[in-house]
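S.K.: Everything below, folded, please.
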Amino acid sequence: MRRLLERRRLARARVHLVQQPRADYAAGGGIGSKQVAEVTLPRKELDEVWSAEHLERFARSYWRFLTRVSLGLLRVLYTETSREVVLLTRPFVLLRFGAPRYDIDADGGAVTWPIDRGLLVASNGRGQGFLRLGVRRRPDAEGDPQATAVVTSEVVNFYPRIAARIGRFIYDQTQLRIHVIVTNAFLRSLANLELEPSVVGALRAR
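M.R.: Numbers count the residues shown, from 1 in each chain. Below is the predicted model of the structure:
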């Protein structure tokens with residue numbers, strides 16, 4: 001409890017999780033889920049990180065958080081054409097994503113990783129869906145020293161192997177539940193505004 005109170009005292013932003021339906025099931029078997037948070041912080045601090053480079057660092061922070069919360073069991077391996085979430089090392093590739101695509105405008109941006117394959121992906125779901133992290137800034141109220149950004153984490157058209165082989169109920173109670181818990185924990189961690197340096201640095205010059 002003392003550690004939790006200390007983290008709250010040092011937090012530079014307020015994070016409010018917006019309740020969302022746990023999952024969305026498409027007729028073809030694809031599954032989607034979305035988590036949303038409102039991050040409120042001093043406008044000056046948001047202005048300082050409102051750049052393409054920090055969007056890339058935000059994405060890197062997500063992968064780094066995954067490694068930390070799994071106590072190092074999950075690692076993210078980078079290549080020019082992919083991002084691989086592995087259990088300790090290859091060949092245990094749980095999820096393989098294509099290279100990220102960045103979409104940026106004045107009010108925000110998004111990073112999208114197409115889902116390629118992996119041990120958690122059903123064979124008929126290879127190359128079907130994507131993972132997307134997005135940040136959208138709300139219009140600033142005149143004279144308000146605070147600003148709010150809406151942060152989203154979205155999985156679209158994912159075909160989990162466990163749902164195809166055992167059933168959706170088991171997927172809901174295991175893999176999906178863990179995904180929601182971890183993602184919400186990552187969104188809460190944004191209160192500290194500590195973004196990891198990018199590994200690739202694709203947007204550093206922008």
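S.K.: Now do the phi/psi pair for P145.
M.R.: Main-chain torsions, P145, degrees, to the nearest 10: phi -70, psi -10.
S.K.: list the contacts for T81?
M.R.: Counting by CB atoms under 8 Å, 6 or more residues apart in numbering, T81 touches G98, A99. C-betas here are computed from N, CA, C, even on glycine.
S.K.: Would you mind measuring from it to G127?
M.R.: Counting by CB to CB, to the nearest Å, the gap from T81 to G127 is 13 Å.
S.K.: now do A37
M.R.: 29 Å.
S.K.: Going by neighbour count, which residues in the helix or strand hosting H54 are buried?
M.R.: Taking DSSP states H and E as the criterion, H54 maps to helix 52-69. Residues of helix 52-69 classed as buried by neighbour count (16 or more other CB atoms under 10 Å): 53-66.
S.K.: other SSEs contacting that helix?
M.R.: Helix 52-69 sits against strand 74-78, strand 82-87, strand 101-105, strand 108-117, strand 130-137, helix 177-189, with contacts defined as 3 or more CB pairs under 8 Å, 6 or more residues apart in numbering; DSSP states H and E.
S.K.: about what we covered before: give me the more crowded residue out of A37 and G127.
M.R.: A side-by-side neighbour count of A37 and G127, using other CB atoms under 10 Å, places A37 first with 20 against 11.
S.K.: Pretty sure that one sits against R136.
M.R.: No. Assessed by CB atoms under 8 Å, A37 is found out of contact with R136, at 11.5 Å.
S.K.: quick revisit: okay, the angle between the helix holding H54 and strand 74-78?
M.R.: Interaxial angle, helix 52-69 versus strand 74-78 (axes from the mean of the first three to the mean of the last three CA atoms, to 10 degrees): 140 degrees.
S.K.: Quick check: which of the helices and strands packed on helix 52-69 is nearest to D47?
M.R.: Closest of those to D47 is strand 130-137, at 9.9 Å (criterion: CB to CB).
S.K.: Please put the alpha-carbon coordinates of that closest one into CSV.
M.R.: Extracted C-alpha coordinates of strand 130-137, given in CSV (Å, rounded to 0.1, in the frame of the first residue of the first chain):
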residue,chain,number,x,y,z
PHE,A,130,-3.7,-6.0,-36.4
LEU,A,131,-2.7,-4.4,-33.2
ARG,A,132,-3.0,-0.6,-33.0
LEU,A,133,-2.0,1.9,-30.4
GLY,A,134,-3.4,5.4,-30.8
VAL,A,135,-3.2,8.8,-29.1
ARG,A,136,-5.7,11.6,-29.8
ARG,A,137,-5.6,15.1,-28.2
